[in-house]
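Colleague: let me see the structure of the following:
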Amino acid sequence: MRERRFQIENEWCMVHYPEKPNGFAVMILGDFNHYVDEISSFWMQHETRKKIIEELNANGYLVCYSNLYGCHWGHEKAVRLAKRVYHYIIRNEILNDRIHILADGMGALVAEKLVPLLNEKIRSMVLYSPCISIPMHLEHEHEQKFFYKKILHELAKVYEKSVEECEREFNIADTEAYFIAKTDIPICIIQWIGSNRYKSQFHLIKDIYVERMGNSRRVELNYLVPEKNRTVSNKLILFYRKEEKIL
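Modeller: So this is what the prediction gives:
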């Protein structure tokens, strides 16, 4: 597997090159622990996710991603960096300028804010066990005091606010209309049945799916059990290919 590392805003980024390029790119937006450094990355160390990259490369896709400031919780600086990574890749590689997105976990928080910034440049989007609402996640963890406080401290560090400010701000129920629900970008949601980290998002995901279906916006919803983790790559590739008929 041929790869290249580079830095933007002092954050490490990585590109994985296919042997036989198809002209399309997939940009990964990672979860809370999906690090990238000068040596390796979480996606290269995690067996299932490494397999996804290998299968994407084998089918001609260039794959790119960034450290995004680590545990970013969808902060605007991570969104800005994701946008810069997109422009860097398009400038430096021979690619169709409309890319696919793969948002894993809290990477969906970045995807949600990236949609209005790169809307016409996003060909399709896969949300992989996504976290879309921080308030819903906090509410779910409220009874688990250790994890609840841990999340609040992470938010305080990322958003440069006090723990008390974050508790007040992020415990307010979401009232905004989600771009992910409103956009015409085709969306595929893959939800692991056995995953508990973002279990609070299940109802929201279903609501977004129903809203998109009701407005004839292209959407797929897949529930998977751990035994089927080897089918993820096939689902991604089949979904992406369907959205490549129009260049």
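
Colleague: quick one: neighbours of the residue lying closest to H16 once chain neighbours are set aside, just the number.
Modeller: For H16, ignoring the flanking residues on the chain, the nearest one in space by C-beta to C-beta, 6 or more residues apart in numbering is V63 at 4.3 Å. For the C-beta atoms, the positions are set from N, CA and C on the backbone; glycine is no exception. V63: 23 surrounding residues under other C-beta atoms under 10 Å.

Colleague: mind listing the strands for the chain?
Modeller: Counting by DSSP state E, the chain has strands at residues 2-8, 11-17, 25-29, 62-66, 99-104, 122-128, 187-192, 219-224.

Colleague: what's in contact with the first one?
Modeller: The one in question is strand 2-8. Strand 2-8 is contacted by residues 12-17, 19, 36, 38, 66, 81, 84-85, 88 when judged by C-beta atoms under 8 Å, 6 or more residues apart in numbering.

Colleague: I'd like these as a markdown table, with neighbour count and pLDDT appended.
Modeller: Formatted as a markdown table, these follow (neighbours: other C-beta atoms under 10 Å; pLDDT from 0 to 100):
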| residue | neighbour count | pLDDT |
| --- | --- | --- |
| W12 | 18 | 98 |
| C13 | 22 | 98 |
| M14 | 22 | 98 |
| V15 | 19 | 98 |
| H16 | 23 | 98 |
| Y17 | 15 | 98 |
| E19 | 9 | 97 |
| V36 | 23 | 98 |
| E38 | 8 | 96 |
| S66 | 27 | 98 |
| L81 | 21 | 98 |
| R84 | 15 | 98 |
| V85 | 22 | 98 |
| Y88 | 16 | 98 |
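
Colleague: and these, which is closest to I53?
Modeller: H16 (5.4 Å; C-beta to C-beta).

Colleague: how near is the closest one to I187?
Modeller: Distance, H16 to I187, using C-beta to C-beta, to the nearest Å: 23 Å.

Colleague: which stretches of the protein have low pLDDT?
Modeller: 173-177, 195-196, 227-229 (pLDDT under 70).
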